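**Student:** coordinates only, no sequence provided:
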């Protein structure tokens, strides 16, 4: 396939070179054939036609150059907001009072009513241009993605965690400076999803064989739980929308009483 593409490329190059080299002869031959007065050399000289073709070709090249310059300028002024991948840890013994942790060094169960430190997703503006305004919407497909995962591992534990999974909307987030980061507190719906799946994987009343079968769905696998859409406006007033799939992976830290939970963001094609 690659050889065919290279061969076709050289054929096109040779054809273009041949046309450019023999253009004067081609024009001379065309105008040597009398069809009407307009095509006769006494009315339109061959060198005039060549000059005209050159002027048109030069004009087209100038337009292409301007278009490329304008496009490049527009790209350079466009903010690129990317959610960074995230790893958090969650205590295996399911209980609402236990929060996400940012370290796996948990030797024992956290004390009751211990301070709960909020965990964040980090957004990065990876461009050299600021966003003068941006909005964030996190979609959960009414919980269908979450429940399809739970169907693989014993069903959704709605008796423990229940949510309508309405979209989380963060409008009017202000200016996002170039080459900087912003924090977004992990939404409660993402907590519900993560804790619900973690409960099914740990479920104390489930048989060991059953739990082993559930874990098979998470061994070196990730699952989509949500979609994050970021709408930003550049300094020229142009709007840009980027969408990412939020995928979750869970690993049992055998030497610690916690699960390692990884959030991966995958860009969606426009």
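**Tutor:** Now that the structure is in, tell me what you want to look at. For clarity, every value in this text was computed on a predicted model and none was experimentally measured.

**Student:** for the rest of this, base every contact and every neighbour count on C-alpha atoms.
**Tutor:** Noted.

**Student:** and the strands in this structure, which stretches?
**Tutor:** Assigned by DSSP state E, the strands in the chain fall at 81-83, 86-91, 120-125, 133-139, 168-170, 180-185, 223-233, 239-253, 258-267.

**Student:** flag whichever of those has the least confidence on average.
**Tutor:** Among those, strand 86-91 has the lowest mean pLDDT, at a mean of 86.

**Student:** show me the shaky parts of the protein.
**Tutor:** For the chain, the stretches flagged by pLDDT under 70 are 1-6, 17, 20-53, 56, 69-77, 92-99, 105-117, 159-161, 270.

**Student:** setting aside sequence neighbours, what's the nearest residue to the residue most central in space within it?
**Tutor:** Nearest to the mean C-alpha position of the chain, by CA atoms, centre = their mean, lies residue 267 at 1.8 Å. Closest residue to residue 267 apart from its sequence neighbours, by CA to CA, 6 or more residues apart in numbering: residue 244 at 4.4 Å.

**Student:** where along this structure do the helices fall?
**Tutor:** Ranges of helices in the chain, per DSSP state H, are 2-32, 46-76, 144-152, 188-202, 208-215.

**Student:** list the contacts of the residue nearest to residue 222 when sequence neighbours are not counted.
**Tutor:** Nearest residue to residue 222, sequence neighbours excluded (CA to CA, 6+ apart): residue 249, at 4.6 Å. Applying CA atoms under 8 Å, 6 or more residues apart in numbering, we find residue 249 in contact with 218, 220, 221, 222, 223, 261, 262, 263.

**Student:** which of those tops the neighbour count?
**Tutor:** Neighbour counts for these (other CA atoms under 10 Å) peak at residue 263, which has 21 neighbours.

**Student:** gap between that residue and residue 202?
**Tutor:** Residue 263 sits 19 Å away from residue 202, going by CA to CA, to the nearest Å.

**Student:** residue 158 - how many residues pack around it?
**Tutor:** Neighbours around residue 158, by other CA under 10 Å: 11.

**Student:** so it versus residue 192, what's the distance?
**Tutor:** 10 Å.

**Student:** before we move on, what about residue 242?
**Tutor:** 25 Å.

**Student:** ok, now residue 255?
**Tutor:** 25 Å.

**Student:** please say which of these two ends up with more neighbours.
**Tutor:** residue 192 (19 against 10).

**Student:** on that earlier part again, residue contacts, the residue nearest to the centre of the chain?
**Tutor:** 242, 243, 244, 245.

**Student:** how does it look with 7 Å?
**Tutor:** 243, 244, 245 (CA atoms under 7 Å, 6 or more residues apart in numbering).

**Student:** with respect to residue 207, which of those residues is nearest?
**Tutor:** residue 245 (32.9 Å; CA to CA).

**Student:** who does that closest one bridge with?
**Tutor:** residue 227, residue 266 (DSSP bridges).

**Student:** how many neighbours does the closest residue to residue 258 other than its chain neighbours have?
**Tutor:** Distance criterion CA to CA, 6+ apart; nearest residue to residue 258, sequence neighbours excluded, is residue 91 at 4.4 Å. By other CA under 10 Å, the residues close to residue 91 number 22.

**Student:** also residue 157?
**Tutor:** Residue 157: 16 neighbours (other CA under 10 Å).

**Student:** equivalent analysis for residue 82, please.
**Tutor:** 20.

**Student:** next up, the contacts around residue 221.
**Tutor:** Per CA under 7 Å, 6+ apart, neighbours of residue 221: residue 249.

**Student:** how much space separates it from residue 251?
**Tutor:** 10 Å.
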